[in-house]
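Peer 1: Could you work out the structure for the sequence below:
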Amino acid sequence: MNQLDIIVKFEQEKEQQAALKLKAAELDYQQNLERLNNVGEYRLEYMKRLSQRAIEGIDSATYTHFHAFISKLDNAAEQVQIAITQSKSLVEQYKSFWLKQRQKVQAVELLREKKRHKLAIIADKQEQKMFDEITTQRFVRRNY
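Peer 2: Numbering: from 1, shown residues only. Predicted coordinates:
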């Protein structure tokens, strides 16, 4: 294994780590979106219950309780929205890092392939030179 192979392997490992971080950040973002959706659905359901109870008749203490709980749900939704913003920003950061790392891997792989190609050309030339020399020696032996 030459130096370029070692560098490629090292950069690929860094790329894999970046991909794992990106995947975890995307999962966290999706979970936050789901939490916001769940809080919104629960708030809607609770509002329907409040409306139904209001139609049937509701005392002020129960109304205050409903209203306080809805406020807590609104606060929870705000907190989840903040988490969504942060997790989305993190996804973008990790995506950018992963893309840069992917470009590094591709650049080193390209460099490695160019070096292999050069070495193959040199080996082909040496082989051709050897065959030419053998042919020349056979020709010289036949003519003497």
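
Peer 1: Tell me which residues touch the nearest residue to Asp28 once chain neighbours are set aside, please.
Peer 2: The shortest distance from Asp28 to any residue that is not its chain neighbour, by Cβ to Cβ, 6 or more residues apart in numbering, is 4.8 Å, and that residue is Ser87. Placement of C-beta: from N, CA and C, glycine included. For Ser87, the contacting residues are 25, 28-29, 32, by Cβ atoms under 8 Å, 6 or more residues apart in numbering.

Peer 1: Report the mean per-residue pLDDT for the helix or strand hosting Glu92.
Peer 2: Secondary structure assignment for Glu92, by DSSP states H and E: helix 60-143. Along helix 60-143, the predicted local confidence has a mean pLDDT of 93.

Peer 1: how far is it from where the chain is centred?
Peer 2: When distances are taken as Cα atoms, centre = their mean, to the nearest Å, helix 60-143 is centred 9 Å away from the chain's centroid.

Peer 1: One more: stretch 27-41?
Peer 2: Counting by Cα atoms, centre = their mean, stretch 27-41 comes out at 20 Å from the chain centroid.

Peer 1: Ok, stretch 16-29 next?
Peer 2: Taking the mean of its C-alpha atoms, stretch 16-29 sits 5 Å from the chain's own mean (Cα atoms, centre = their mean).

Peer 1: Show me which residues of that stretch are buried.
Peer 2: Within stretch 16-29, the residues that qualify as buried are 18-19, 21-22, 25-26, 28-29, counting by 16 or more other Cβ atoms under 10 Å.

Peer 1: Show residues contacting that stretch.
Peer 2: Against stretch 16-29 from outside (Cβ under 8 Å, 6+ apart): 84, 87-88, 90-91, 93-95, 97-98, 101.

Peer 1: Now render the buried residues of stretch 16-29 as a markdown table, adding secondary structure.
Peer 2: Putting the buried residues of stretch 16-29 into a markdown table (DSSP: H, G, I helix; E, B strand; the rest coil) gives the following:
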| residue | secondary structure |
| --- | --- |
| Ala18 | helix |
| Ala19 | helix |
| Lys21 | helix |
| Leu22 | helix |
| Ala25 | helix |
| Glu26 | helix |
| Asp28 | helix |
| Tyr29 | helix |
